[in-house]
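*Asks:* I would like the atomic coordinates for the input below:
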Amino acid sequence: MFFNGLQHIGIPTRKFAESRKFYEALGFELVNTEDNDGSKVGFYQLGTLMLESWESPEEAPEKVGAINHIALDTKEIEATYEQVKQLKVEFVEDGIQSLPYWENGIKYFNFYGPNKEIFEVCQKL
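*Replies:* Okay, the predicted model is just below:
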């Protein structure tokens, strides 16, 4: 596989400002903010650990297990997508997606693990 390691862990929130205050109190630094169709998105870093938190009343279950996805980093999104297809996993959406995050955007795809956990494979462009 073409994975470089953990990129981030995605956690939805109903209260972006409260989440930001909490993560910063733990020592995380807000390193990037984005807007996703009106939803606030923040990336917080502590050492090598990166959290992505976005405001979404529909996706924030506010219970144990509230992590939405685990993102793995790649520098070769197309080749990695082809390799993951060989595993015969269920994909969350069809094909490689893109968002205008960070300086040059990202490409990513999501698939389910055996327990319905979501894995995101992401390439920063």
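*Asks:* use CA for all of it now, contacts and neighbours both
*Replies:* OK.
*Asks:* mind checking the SS state of Leu6?
*Replies:* Secondary structure state of Leu6, per DSSP: H, G, I helix; E, B strand; the rest coil, is strand.
*Asks:* what number of residues lie near it?
*Replies:* 16 (other C-alpha atoms under 10 Å).
*Asks:* per-residue pLDDT, it?
*Replies:* For Leu6, the model assigns a pLDDT of 94.
*Asks:* residues contacting it?
*Replies:* Ile70, Ala71, Leu72, Asp73 (C-alpha atoms under 8 Å, 6 or more residues apart in numbering).
*Asks:* mind doing that once more with 10 Å?
*Replies:* Thr48, Leu49, Met50, Ile70, Ala71, Leu72, Asp73, Thr74, Val121, Cys122 (C-alpha atoms under 10 Å, 6 or more residues apart in numbering).
*Asks:* helix or strand: which one has Gln83?
*Replies:* Remark: Gln83 resides in helix 77-85, with elements defined by DSSP states H and E.
*Asks:* after that helix comes which helix or strand?
*Replies:* Defined by DSSP H and E, the subsequent element after helix 77-85 is strand 97-99.
*Asks:* check what pLDDT Met50 gets.
*Replies:* 96.
*Asks:* ok, back up a step: in JSON lines, list the contacts of Leu6 along with distance to Lys85 and neighbour count.
*Replies:* Listed next are these as JSON lines, based on distance: C-alpha to C-alpha, whole Å; neighbours: other C-alpha atoms under 10 Å:
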{"residue": "Thr48", "distance to Lys85": "29", "neighbour count": "8"}
{"residue": "Leu49", "distance to Lys85": "27", "neighbour count": "12"}
{"residue": "Met50", "distance to Lys85": "26", "neighbour count": "20"}
{"residue": "Ile70", "distance to Lys85": "18", "neighbour count": "19"}
{"residue": "Ala71", "distance to Lys85": "17", "neighbour count": "24"}
{"residue": "Leu72", "distance to Lys85": "16", "neighbour count": "19"}
{"residue": "Asp73", "distance to Lys85": "17", "neighbour count": "19"}
{"residue": "Thr74", "distance to Lys85": "15", "neighbour count": "22"}
{"residue": "Val121", "distance to Lys85": "12", "neighbour count": "26"}
{"residue": "Cys122", "distance to Lys85": "15", "neighbour count": "26"}
